[in-house]
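S.K.: Sharing a model prediction with you, sequence too.
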Amino acid sequence: MKLEALAGRLGHYERLMRLDKPIGTLLLLWPTLWALLIAGAGRPRPFVVWIFVLGTVLMRSAGCIINDYADRDFDGQVERTRERPLATGAVSTKEALLLAALLALAAFLLVLPLHPLVWKLALVALFLAVSYPFTKRFLALPQVYLGVAFGFGIPMGFAAVLGTVPASGWLLLLANIFWAMAYDTEYAMVDRDDDLKIGIRTSAITFGRFDLAAVMVSYAAMLLILGWLGSRLRCGVPYFAGLAIAAGLMGYHYRLIRERSREGCFKAFRHNNWVGAAICAGLVADYYLR
């Protein structure tokens, strides 16, 4: 019986950390891998890559817990989130905060072997992760803040490999902000009706009937910045082929979201994993073939 109870607790923690829904981790991981590849000229040290992969999982899990803690009084009123462990009371707020603190501590310990600049940036990343969920109360476009939070592995990756963050690192972060604006607006379109009722602010609400245009303009801005970055780095055909594939996927996303159905918007959001993968594959192929 005790084993069954323990298994039940672990199941609640797994859902609280979203380990059963890896899409958020992947959207956080892809930009970090882009940064490591560029900073390491296609050959970042495996040890550094391992630290960032594990750190991404830990920080995304901690961020999800803080998000649910911040939204615990709202999630029960939203169709998609009403069964989350904090919303149902399956996990206490004390348990949740303790687990988030342990995950954040573990993530910070991971970066201690890296350059001291990474430590400083890790503290900024922690602040962004903790504060983002509360921005939905007062920012008209919290997705911009999310783009910074989800992309902060980029300057950290450059700092870990180079000991500094060059202009290309900040350009990559800017591209990620536009990408987050696109995919998280798709995500926000799923919950728009519920968010309007409870007073949460999102880009889907702010853009209103221009939401589709905002998504596609954000995608276009991301591709333009990545194209410019590729030119600065003298990338070849494989890199730009990766961008072309990503552009094709974005066109498919427009088909999914143009009717503004919950199912289509959520599918488009999840499908952004392949956008990140296409760009990463282009980078890998480009450096491999040089």
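M.R.: Yes, it's here.
S.K.: low-scoring stretches of the chain, by residue?
M.R.: Along the chain, the model assigns pLDDT under 70 to residues 1-8, 75-76, 79.
S.K.: list the contacts for the spatially most central residue of the chain?
M.R.: Taking C-alpha atoms, centre = their mean, the centroid of the chain lies closest to residue 28, which sits 3.5 Å from it. Residues in contact with residue 28 (C-beta atoms under 8 Å, 6 or more residues apart in numbering) are 56, 59, 60, 150, 153. Every C-beta, even on glycine, is put in place using the N, C-alpha and C of the backbone.
S.K.: Now do the contacts for the nearest residue to the second one once chain neighbours are set aside.
M.R.: Pointing back at residue 59 there. Leaving aside its sequence neighbours, residue 59 sits nearest to residue 107 (C-beta to C-beta, 6 or more residues apart in numbering; 4.9 Å). Listed by C-beta under 8 Å, 6+ apart, the contact partners of residue 107 are 55, 58, 59, 62, 122.
S.K.: Narrow these to those in helices?
M.R.: Here DSSP state H is the test, and the contacts of residue 107 give 55, 58, 59, 62, 122 as lying in helices.
S.K.: Surely residue 146 and residue 184 touch.
M.R.: Yes. Using C-beta atoms under 8 Å, residue 146 is in contact with residue 184, at 5.6 Å.
S.K.: on that earlier part again, what's the separation between the residue nearest to residue 59 and residue 244?
M.R.: Residue 107 sits 35 Å away from residue 244, taking C-beta to C-beta, to the nearest Å as the criterion.
S.K.: Which residue is the nearest non-sequential neighbour of residue 117?
M.R.: The nearest residue in space to residue 117 (C-beta to C-beta, 6+ apart) is residue 159, at 4.2 Å.
S.K.: Helix, strand, or coil at residue 90?
M.R.: Taking DSSP: H, G, I helix; E, B strand; the rest coil as the rule, one finds residue 90 in the coil state.
S.K.: wait, doesn't it sit right on residue 12?
M.R.: Yes. Assessed by C-beta under 8 Å, residue 90 is found in contact with residue 12 at 4.8 Å.
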